[in-house]
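Trainee: sequence and predicted structure, then a few things I'm wondering about:
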Amino acid sequence: MPVVLGLIIAGAVLFAGVFFYLFHLLNLKVEAVIRDQFNQQQLVLARKIADSVENHLDFLESSLLTMSRGLPEEPDSPDFYRHLGTRLEDLLPLGVLDLGWYGPDGALKFSWRGQPGAAGEVHLHQATLEWARQPANRGRLRLEKTRPGPYPPFSERLVLSLAAPLHHQEQLRGVLVLLADPFFICGQATREVRSGATGYPWIINQDGVFLAHYETDFVGQDALAVRLARNPAISFAGIREMHERIFRGEEGTTEYISGWHRQEIGKILKLAAFTTIRFDKGLIRSVTEVEDAARNLWGVAVVAPVGEVSGHIWEVLYQEIALAGVFFLVLLVGSGVLIGVALTYNRSLTREVEQKTRELRESQERLLRSERFAAVGEAAAYVSHEIKNPLMVIGGLAHQVAKRLEDRAELQEKLRLIREEVRRLETFLGDLRDFTRPAPPVLTPLNLNQVIREVEQLLETEAKKRGVDIVEDLDSRLPPVSADANQMKQVLLNLMKNALEAMDGGGRLVLKSGAEEGHVWFSVTDTGVGMTPEVLGRIFNPFFTTKAKGTGLGLAVIHKIVTDHHGSLLVDSTPGQGSTFVVKLPKEQGGVMREGTGEAAAAAGKGPWDDDA
């Protein structure tokens, strides 16, 4: 039965995989066709915007020609200035900024909206003046590139200049220059134009500066520089290529990576259609000469995120996939139910077996640990008993010999070494006794902060000698605990001594205390050498030490004391950065702890490396 079900499922999965793969390939082709159609529609929009800009300029050119041909005989007469001022007022709503009247020498004689003082100080571009002096250009116009205005208040912004020369009997009498606002013209052409739901158009001039963009702070900025400033992580290679094609006079469609779209941030693939605005193909192109016509091109692009197109496509296709999936779901539901029941039962059985196995392994480990430490304790007690008496004899005899040979300096040094080694062994035997026959804790209400301060005073001198700063961070509202004061002092004393010994070159020792749900805790943190993970896993083992003269029982005794208080001892250490030891004690010890020699911990199966936290 399982083999049959497996074959059925494998065949269904294989068939479904082939079906969905072919379906996916078909959908990709459909998406490509729709993308292309969408981009062609964007190209139509771009052309309409370009036509709108060109038509606007055609109207301004026609207006300037009309003005230049209908002027009074005397250029500097009151009627001359009044006539031009009236026509300027009519053109201001159409993006015209000002009219300038230049003399035959190219110097500005009068401007209707310029700041006073510009007359005589501003001159026509030399190329435009030379063009205007040629009699053949009588009744013609010259369109210049967009560049900063010639005089205030337009000198800080881009303007589009149209020049019309006035001749009398083959002599140049002056040049009338119309200043138009390219931002207004392009803004009018792109206003309320939208591609799809959120697509938008933009226009750049011959230098790649935005003349129109939906983000108004982009307008007047270099199109590539402002994009790179917004998102330096993107190269905008597609934008660069599109600019190059625009300035070659091409039009077409493309795709490129952008760093955002409206409020959406991130890498976004966009569809783009672009075309050029040419100033030499308008209705009066035979009348207007364009400065550097080969390069004086503006570019129009209409862009929209691919997701706007693909999202709708895939939404429909996913619905089709869902319908196809129902068929396969019905096919597999019967076998799926049977397999599901079997797997559920198998998982449940596996979990029970794993749980029982884990419990048996943990019980075995606790038993082995207890037996091992019991054996260590018996051996240690025997060794302590056998060594203690001879050691006392050796120490006593060394003391007596030292008194009789006070005048023998060379022997005094050797006897001093004997006495020091005897004292060291006596200290070791004391630690061994504490480990093998710990005193039962005498529980009393205890203020841990007070214990911490008392031990700190004991080690204050030693800390100063080592160049270690002791810092307190104690909880003033720390609740009392039920604990043995002497044993807690022993725990703190050993932890702080270890911390000081780990900071031979000076450092910082931090003492903290606090309370959390069900526990009161204190910690000792040093900035010493720290411990490797290998050392960290063995520090609570009896007789393990990294010190040259250590007994390896200090932390084992501490752990024994803490577990006898039904607490836990945690440690965190990083090599080269320091270590932190945290002791947690229950808030209420009264009817829980059995005072004695650690039976509570032994009954719970706790070893030196077990934590209750």
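Mentor: Noted; the coordinates are in hand.
Trainee: most centrally placed residue in the chain?
Mentor: In the chain, the residue lying closest to the centroid (Cα atoms, centre = their mean) is G266, at 12.9 Å.
Trainee: what ranges of the stretch 51-200 of the chain fall below the confidence cut-off?
Mentor: Along the stretch 51-200 of the chain, the model assigns pLDDT under 70 to residues 73.
Trainee: just to be sure, the residue nearest to the centre of the chain is in a helix?
Mentor: No. G266 sits outside any helix when classified using DSSP: H, G, I helix; E, B strand; the rest coil, being strand.
Trainee: hmm, it is touching G259, no?
Mentor: Yes. Applying Cβ atoms under 8 Å, one finds G266 in contact with G259, separated by 7.3 Å. To be clear about C-beta, it is placed using only N, CA and C from the backbone, and glycine gets the same treatment.
Trainee: just to revisit the earlier point, kindly state the pLDDT recorded for the residue nearest to the centre of the chain?
Mentor: If you check G266, the pLDDT there is 84.
Trainee: so who does it touch?
Mentor: When the contact criterion is Cβ atoms under 8 Å, 6 or more residues apart in numbering, the partners of G266 are G259, W260.
Trainee: at 10 Å instead, please
Mentor: Taking Cβ atoms under 10 Å, 6 or more residues apart in numbering, we find G266 in contact with N231, S258, G259, W260.
Trainee: quick one, which of these are buried?
Mentor: Burial by neighbour count, 16 or more other Cβ atoms under 10 Å: within the contacts of G266 this picks out S258, G259, W260.
Trainee: out of the residues you listed, which are inside strands?
Mentor: Of the positions in the buried ones among the contacts of G266, S258, G259, W260 sit in strands, assigned by DSSP state E.
Trainee: turn those into CSV, columns for distance to G537 and pLDDT.
Mentor: Below are these laid out as CSV (distance: Cβ to Cβ, whole Å; pLDDT from 0 to 100):
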residue, distance to G537, pLDDT
S258, 54, 89
G259, 50, 85
W260, 51, 86
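Trainee: am I right that I265 is in contact with G259?
Mentor: Yes. With contact defined as Cβ atoms under 10 Å, I265 reaches G259; the gap is 7.3 Å.
Trainee: shared neighbours of these two, anything?
Mentor: With Cβ under 10 Å, 6+ apart as the test, I265 and G259 both reach R230, N231.
Trainee: pop the domain breakdown of the chain in here.
Mentor: The chain breaks down into these domains under automatic domain parsing: 184-310, 439-603.
Trainee: follow-up on the earlier one: report the two of the contacts of G266 separated the most.
Mentor: N231 and S258 (8.2 Å; Cβ to Cβ).
Trainee: and E250, how far from L474?
Mentor: Separation of E250 from L474 (Cβ to Cβ, to the nearest Å) stands at 77 Å.
Trainee: and for T86?
Mentor: 89 Å.
Trainee: for those two, indicate the residue with more neighbours.
Mentor: Shown here are T86 and L474; by other Cβ atoms under 10 Å, L474 has more neighbours (16 against 10).
Trainee: any idea of the pLDDT on that one?
Mentor: 93.
Trainee: so what does it have for phi and psi?
Mentor: phi -100, psi 140 (degrees, to the nearest 10).
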